[in-house]
Every structure is written in C-alpha cells, then in structure tokens.
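Quick one, fold the following:
(2 chains)
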Amino acid sequence: MNHLTQFQTFLLLTLLKVAVVLGITLGAVAYTVLLERKLLGRMQNRWGPSRVGPFGLLQPLTDGIKLFLKEDLMPLAIQKPLFVLAPIIALGCALISVAVVPFGAYNPVKGVDLFQISDINIGLLVILGITSIGVYGIALSGWSSNNKYSLLGSLRATAQVISYELALGLALVGCVLRAQSLRLRDIVDSQSAHGMLSWNIFGGLQIVGFFIYLMAAYAETNRAPFDLPEAESELVAGYHTEYSSMKFAMFFMAEYANMITVACVATLLFFGGASSPFGHLIPAFGGPIIQAILPVLWFVFKVFCFLFLYIWVRATLPRFRYDQLMGFGWKFLLPLAMLNIIATSLVLAFRG
Amino acid sequence: MQLALFLIFGVLCVAGALNFLFQRHPINSALSLVAVMMSLAVIYWTLGAEFLAAAQVIVYSGAIMVLFVFVVMLLNAGEETRTRGSSMAYVAGIPGVAGILALLTYIFLHEREALGAAQLGGHLDGATSNIAELSRVLFTELLLPFEVTSILILVAILGAVVLARKEQ
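Modelled structure (predicted):
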C-alpha cells in the first residue's frame, strides 16, 4: 500500500468503512425486527417466528424476498414525485447519522480512524440536524398519498417530532456542558476516567437528562408508547397506508435504523460510548487486535441493551392519548430539561 | 475542491430560489426553499462556519420550514392560479429591485480591493474551536444585543398567544 498517496489511502479506507458500516447497520436493522418479533412473542406468551432456519434466524431474509417481490402499487391520485421521494428521505436520513458515531476506541491506521467514518467537531449537531430533516419523509408521505388517514398520521407525527425535538436537544446540553465540546469523541473521552463511575449517567449526575432523553427519543422515533402516528386502531396504518413493496420496507427500515441511531447516541452521551464499565480494573489482555475489538463489543452490547429496552417498553406500556402526549412533552419534559441545564451549569460553575 | 463545492451548491441555491418563485403549489415552493437553505448551509460550511451551517439546517430547514409545510398540509392549500400581479408590484417593485441591484453592484465594485483580499473563515486552527470563540463573543461583548433579541422573540411569542386566544 506504500505506492498510494495519502489522499488515495484515505479515500480507499473511507469507502471501505462506509461499505462495512452500511452493511452492518442494514443487517442490524433486519435482525432488530426479528429480535422484536421474538421478544414480543415471548412476552406475550407465544413463540414468535420459528419456522425459517434454526430458531427462525432466516426470517429477515424471507421477509426481504417477500417485500422485493411484491407488486409496487402506485395509487392514482398521488403526488407522484413526492410520493417516491418521501421514503428515500426517511431512509436516507436514518442511515446517514451513523456516519459520525464513534463505535470503538481511537485506532488510526495510516492516519485514518478505523472505528468512525467521519470525525466532525460538531458531530452532535450533525446528528440532531439530520434527525430534524428526517421529519420531511414522514410529512411528505402522508400528504402526497392523498388519503385522509395518511394525512392525519403524518400531521400527528410531524407535530409530535417537532415538539419532542426541543426536549431531546435540551436533555443533551448537560453532557455537552460537561465535555465542553460537541465532538462525539470528546464527549466519550470526558467519561473515560474511572470506568462506570465517571459515565455521565452516574458520575456526571445526568440521570435526569438521561430519562428526559430516553422519553423524548421514544417519541422522536414514533415508538410505543408514543406510536400515535401509526395507531392501527384509529388510522389504518398511519402515514404509510398507501405504500407497498420496497417503499413500505424503506419506511419500516427507517424506523428501526432511527432506533439504532438513538440507542447509539444514548450510549455515547450517557454510557461512556465504547469504554468498558470496569475502567482500568481489568488488566489489558490479549494482543493489540483483541484490545481494539473489545471496545466495539462493549458498544454493541450497550446498543443492544437499549434496543431490548425499546421492545420491552413496547410490550408493556399502553399508548398515550394525543393531548396527554403534547402535555407531557411541553409541560413536563421541557421545563424539566431546562431545570437540568441550570442545575448542571451551576454545579460546574461552583466546581470550576 | 472549495470552488467546485461553491459552484455546485451556488447553482443549486439559485435554481431552488427560482423554482420557489415559479412553482404554483405551496408545498413545492416550501420544499424548494428547503433546498435553498440546505445549499446555503453547505456554502457556510465551506467558508469555515460549521456552527452556522448546523444552526441553519436545524433551525431553518428542520424547524421553521417543517412548520410551514405542516401548516400548508393542515389547511390543505390547493394550487394557486397565476395572476398578472398587482400594479403596485410593477410600479414600485421593479424600480426598487433595480435600485438595490445597482447599489449592491456599486458597493462590490467600489470595495473590490478590500473584498478580494478578505479572508473568510479558516482563521482558527483545529485547537481553538469555532463554537467556543463564537459563544465567548456572544456572551461577553455582544451580551446586550443578544438578550434584547431574545426578549424580542419572547414578545413575538406572547403576541401570537394573545392573537390566538382572542376568539374565546
């Protein structure tokens, strides 16, 4: 590889990283769907998918084949360009935000970080910005379908996402204040001193911020108990009622990709990212390769725990009423997030 | 690289703005405005103002334009018919635009020396963060204008609440 210039090495390694991360994310999306169906089944005292492959492990593959082979229906009265554009926006925005997530310790190979696609100094703002653009996918899908249930679903979704975006952003400010940086790598590094004790949720006293973030994130991804945009008993299927085949699958994948992104952000900001909970208590073992891979495994484990929690909550809690949802967001979460910011900055000012 | 990005997104920006004017449906106009704002954000980023770019995307395209689209969807606004426009637009608008264009051209040409040498962005190295510098200036030297602007926005919100509650 020595005959390549610096730029060529960078380009090749980055393309490789993008391909690998995209593949892993899409695979994770497919298997999160299976995990959800299996766990929901177990929690509701039934088996869940168990026919295809051992323990139903090949179910996502058959689901994918089914969705590809289905007829792609185009209703007559739709706004065609926007109808096609909407799922692309939704899935594109859901997948792009993974690009700034550092999912391992800093491991440069020929000057290129191995475990993060792009290290931006405003990484957190980039994630928030991409999430706020993703709303257009949902809003346009409902409007361009020319169907009243779709429109109602997308109006609900848009209002809900705009309202909870505020609480979501403000909940993260406490962590940013502690790290004094918006770079995700810096935020992770600010929690790495004493293992679990210096994570933002315990040592950083951001436990209130964490719970605000968690609740706002469930609303932001339109998941139970805030899944009013696709409340099947009221709205058929919400904003994607008119969609079929791969276009429906793109909305479906976008929902799960958003879940994974939210879980990644929660891990990075409150649970120390890819660092081990035991800190330096366990002596380093194995070669450099094992030491490089171990943090990635911790990161994946933490994200998995968040996904498990998502599914657990969905199986446990009933759906909110719409006025309860808005009141909860504006009258409870938002003031609480502001109080959390004031308290955090006062503590930091007195300590510093 | 910077020039290529500027050309691509500058053209996109102007095309979006023209599309915004010529589209007859409010949703299409709103979406072309989103495209304009996103390309402006990219141009800000190439000039080294990454915080401004992120704020542009989050505030303008992510919040304000979403609300525009939301209202258009909620009221189910249909296609607008094309009219000849009011005579005021022809009497006052065209000379006004011509005047502003002439003024801007004069200023740009007159200050050509200073503008050509101006360095936009890239003053700060990687060690000092753009955001830290920005917030230091905003909360020390420009504290009064900053707070006055906040109060202005608060007054606007209160005014909207008063107008909305009037019907009861």
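
Contacts only, for whichever residue of chain B sits closest to chain A.
With CB to the nearest CB, the shortest gap between chain B and chain A falls at B:Gly62, namely 2.7 Å. All C-beta atoms are positioned from the backbone trio N, CA, C, and that covers glycine. For B:Gly62, the contact set (CB atoms under 8 Å, 6 or more residues apart in numbering or on different chains) comprises A:Leu128, A:Gly129, A:Thr131, A:Ser132, A:Ile133, A:Val135, A:Glu165.

which residues touch the second one?
A:Gly129 makes contact with B:Ala54, B:Val57, B:Ile58, B:Gly62 under the criterion CB under 8 Å, 6+ apart.

Give me the pLDDT for it.
Note on A:Gly129: pLDDT of 88.

Leaving out sequence neighbours, find the closest residue to it.
B:Val57 (4.1 Å; CB to CB, 6 or more residues apart in numbering or on different chains).

Surely the one you found touches B:Ser39?
No. Counting by CB atoms under 8 Å, B:Val57 does not reach B:Ser39; the two are 10.8 Å apart.

Can you report how many residues neighbour residue 149?
All of this refers to chain A. Neighbours of A:Tyr149 under the rule other CB atoms under 10 Å in any protein chain shown: 17.

Correction: the question concerned chain B.
There are 11 residues near B:Thr149, going by other CB under 10 Å.

re the thing from before, I'd like the contacts of B:Gly62 laid out as a markdown table, including secondary structure.
Below are the contacts of B:Gly62 laid out as a markdown table (DSSP: H, G, I helix; E, B strand; the rest coil):
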| residue | secondary structure |
| --- | --- |
| A:Leu128 | helix |
| A:Gly129 | helix |
| A:Thr131 | helix |
| A:Ser132 | helix |
| A:Ile133 | helix |
| A:Val135 | helix |
| A:Glu165 | helix |
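
would you list every one of the helices in the chain?
Because you didn't say which chain, this covers chain A. Secondary structure of chain A (DSSP state H): helices at A:6-43, A:59-69, A:80-96, A:123-144, A:148-179, A:184-189, A:207-220, A:232-235, A:245-270, A:288-316, A:322-327, A:334-351.

Chain B, not that one
Ranges of helices within chain B are B:2-22, B:26-46, B:50-55, B:65-75, B:87-88, B:94-110, B:112-117, B:130-140, B:143-165, based on DSSP H.

Might you quantify the distance of the first one from its chain's geometric centre?
Here helix B:2-22 is found 13 Å from its chain centre; the criterion is CA atoms, centre = their mean, to the nearest Å.

The second one now?
Its chain's C-alpha centre and that of helix B:26-46 lie 9 Å apart, by CA atoms, centre = their mean.

Does it reach chain A?
Yes. Counting by CB under 8 Å from any CB of the partner chain, contacts between helix B:26-46 and chain A involve B:Ile27, B:Leu31, B:Val34, B:Met38.

List the residues that contact the residue nearest to the spatial centre of chain B.
Nearest residue to the geometric centre of chain B (CA atoms, centre = their mean): B:Met37, 6.4 Å. When the contact criterion is CB under 8 Å, 6+ apart, the partners of B:Met37 are B:Gln56, B:Val57, B:Tyr60, B:Ser61, B:Met65.

Kindly tell me how buried the second one is, as a neighbour count.
Other residues near B:Val57 number 26, with proximity taken as other CB under 10 Å.

The last one now?
Each residue near B:Met65 was counted by other CB under 10 Å, and the total is 22.

That one contacts B:Ser29, doesn't it?
No. Between B:Met65 and B:Ser29 there is no contact under CB under 8 Å: 10.7 Å.

ok, of the helices of chain B, where does mean pLDDT dip lowest?
Of all the helices of chain B, helix B:112-117 has the smallest average pLDDT, which comes to a mean of 68.

Could I get the phi/psi values of B:Gly48?
Per-residue torsions, B:Gly48: phi 90, psi 10 (degrees, to the nearest 10).

Once you drop chain neighbours, what's closest to the residue in chain A that chain B sits nearest to?
Going by CB to the nearest CB, chain B is nearest to A:Ser132 of chain A, at 2.7 Å. Leaving aside its sequence neighbours, A:Ser132 sits nearest to B:Gly62 (CB to CB, 6+ apart; 2.7 Å).

Over to A:Ser276?
A:Trp298 (5.5 Å).

Ok, A:Ala105 next?
The spatially closest residue to A:Ala105, leaving aside those adjacent along the chain, is A:Pro295, at 4.4 Å (CB to CB, 6+ apart).

Who are the contact partners of that neighbour?
A:Gly104, A:Ala105, A:Phe115, A:Ala274, A:Ser275, A:Ser276.

which of the residues you listed are buried?
Listed as buried from those are A:Gly104, A:Ala105, A:Phe115, A:Ala274, A:Ser275, A:Ser276; burial here means 16 or more other CB atoms under 10 Å in any protein chain shown.

List the contacts of the third one.
Right, the one you point to is A:Phe115. A:Pro102, A:Phe103, A:Gly104, A:Ala105, A:Tyr106, A:Asn107, A:Ala274, A:Ala292, A:Pro295, A:Val296.
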